[in-house]
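S.K.: starting from these lines, generate the structure:
(4 chains)
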There are 2 protein chains.
Amino acid sequence: MSDTKPVDAHSPECMKVSQVLSRLGDKWSVLVIMMLRERSQRFSELKRGIEDISQRMLTLTLRNLERDGLVSRTVTPSIPPRVDYELTPLGLSLAEPVQALGMWVFRNIGELSAAQARYDARERDHTSAA
Amino acid sequence: MSDTKPVDAHSPECMKVSQVLSRLGDKWSVLVIMMLRERSQRFSELKRGIEDISQRMLTLTLRNLERDGLVSRTVTPSIPPRVDYELTPLGLSLAEPVQALGMWVFRNIGELSAAQARYDARERDHTSAA
DNA sequence: CGGCATCCAGTCCGATACTG
DNA sequence: CAGTATCGGACTGGATGCCG
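M.R.: This is a model prediction of the structure:
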């Protein structure tokens, strides 16, 4: 890219980037993507895999991902019904940069936590030094 | 990479990843990071650069980034006061994977929009076919 | 100029209950 | 098993006004 003048926050492109970023930033999307990266899974597998996600939020998250074309939904009309979710090629390709970001965080957890601790400590000083 | 068993959603690492992701997912953080990627900037430069950000949100966003050690804040006690913000090395290194993600979105805007349009069209059918 | 405090609307998300 | 509907609390983000 090498955009020398980088941010035109109003271009449709930037809007889309924000949009995707806020999807990824929601509470569960990335977790779901990461779970599906390995293999397609049923609704209840995902639910168990993530544990403290509510049924409602899992449904909503999957719908959103589906809408973005990142996840596909396959209904098998048996009894009981069975629904499998899997990453589309698009979703799979997204998983890569997401993973890269995850690795960055992983590498820098220490720095991050230290910075936060420092900041909070300074905060406390200011507040208590009244 | 090549983690065969990827998601332990309850590990402190994953919590941190989520945390950072939701910071990036908030409305303005990425925009600010991208603006600072080029050069350090004053509060009002950032404000003008992003335009429809409110003063309040710019302040909050910067505080959060500062807390995470991604941005440093330099006060010059002149009159009128002057405050410069710049990416720390940590923030700069974060900008890379973020940029990668941005590029992914950029490359896939078409797919994304198409998928959304398709989904929404199907939605409308279902709803109107009542 | 930079920033905090207040107030308020909109949204997100969890708990619960019900359906095919 | 998978999903929808409803409600209520918490949080996010915008507008405004005041302060150093």
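S.K.: so, low pLDDT: which residues of chain A?
M.R.: Low-confidence segments of chain A (pLDDT under 70): A:1-9, A:128-130.
S.K.: and stretch A:17-33, does that touch chain B?
M.R.: Yes: Stretch A:17-33 comes into contact with chain B (CB under 8 Å from any CB of the partner chain), by way of A:Val17, A:Ser18, A:Val20, A:Leu21, A:Ser22, A:Arg23, A:Leu24, A:Gly25, A:Asp26, A:Lys27, A:Val30, A:Leu31. C-beta: built from backbone N, CA, C; applies to glycine.
S.K.: pretty sure the last one sits against A:Ile50.
M.R.: Read that as A:Leu31. Yes: assessed by CB atoms under 8 Å, A:Leu31 is found in contact with A:Ile50 at 5.6 Å.
S.K.: around DNA strand D, pick out the residues from chain A.
M.R.: Counting by CB under 7 Å from any atom of the strand, the positions of chain A adjacent to DNA strand D are A:42-44, A:47, A:55-56, A:59, A:62-63, A:73, A:75, A:80-83.
S.K.: and those residues, which are buried?
M.R.: The neighbour-count test (16 or more other CB atoms under 10 Å in any protein chain shown) applied to these identifies A:Phe43, A:Lys47, A:Leu62 as buried.
S.K.: from A:Arg73, how far off is the first one?
M.R.: It stands for A:Phe43. Distance, A:Phe43 to A:Arg73, by CB to CB, to the nearest Å: 9 Å.
S.K.: shared neighbours of the two, anything?
M.R.: A:Leu62, A:Val83, A:Tyr85 (CB atoms under 8 Å, 6 or more residues apart in numbering or on different chains).
S.K.: hmm, the helix or strand where the second one lies in reach of DNA strand C?
M.R.: Just to be clear, that refers to A:Val83. Element membership of A:Val83 [criterion: DSSP states H and E] is strand A:82-87. No: Strand A:82-87 does not reach DNA strand C (CB under 7 Å from any atom of the strand); its nearest approach is 9.5 Å.
S.K.: which strands and helices sit next to that strand?
M.R.: Packing partners of strand A:82-87 (3 or more CB pairs under 8 Å, 6 or more residues apart in numbering or on different chains; DSSP states H and E): helix A:29-36, strand A:41-42, helix A:43-50, strand A:71-76.
S.K.: quick one: that strand to helix A:43-50, angle?
M.R.: Angle of strand A:82-87 versus helix A:43-50, following axes from the mean of the first three to the mean of the last three CA atoms, to 10 degrees, is 60 degrees.
S.K.: so how far is strand A:82-87 off the chain centroid?
M.R.: Distance of strand A:82-87 from the chain centroid (CA atoms, centre = their mean, to the nearest Å) equals 18 Å.
S.K.: show residues contacting it.
M.R.: A:33, A:36-37, A:39-43, A:46, A:62, A:70-76, A:95.
S.K.: got a PyMOL select line for the buried ones in these?
M.R.: Buried subset of these, written as a PyMOL selection, criterion 16+ other CB under 10 Å:
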select buried, chain A and resi 33+36+37+41+43+46+62+70+71+72+95
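S.K.: is stretch A:103-112 positioned near chain B?
M.R.: Yes: residues of stretch A:103-112 contacting chain B under CB under 8 Å from any CB: A:Met103, A:Trp104, A:Val105, A:Phe106, A:Asn108, A:Ile109, A:Glu111, A:Leu112.
S.K.: in helices only, show me these.
M.R.: Here DSSP state H is the test, and the residues of stretch A:103-112 next to chain B give A:Met103, A:Trp104, A:Val105, A:Phe106, A:Asn108, A:Ile109, A:Glu111, A:Leu112 as lying in helices.
S.K.: turn those into JSON lines, including distance to A:Tyr119 and neighbour count.
M.R.: Shown next, in JSON lines, are these (distance: CB to CB, whole Å; neighbours: other CB atoms under 10 Å in any protein chain shown):
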{"residue": "A:Met103", "distance to A:Tyr119": "24", "neighbour count": "14"}
{"residue": "A:Trp104", "distance to A:Tyr119": "20", "neighbour count": "19"}
{"residue": "A:Val105", "distance to A:Tyr119": "18", "neighbour count": "20"}
{"residue": "A:Phe106", "distance to A:Tyr119": "21", "neighbour count": "13"}
{"residue": "A:Asn108", "distance to A:Tyr119": "15", "neighbour count": "20"}
{"residue": "A:Ile109", "distance to A:Tyr119": "16", "neighbour count": "17"}
{"residue": "A:Glu111", "distance to A:Tyr119": "12", "neighbour count": "16"}
{"residue": "A:Leu112", "distance to A:Tyr119": "11", "neighbour count": "20"}
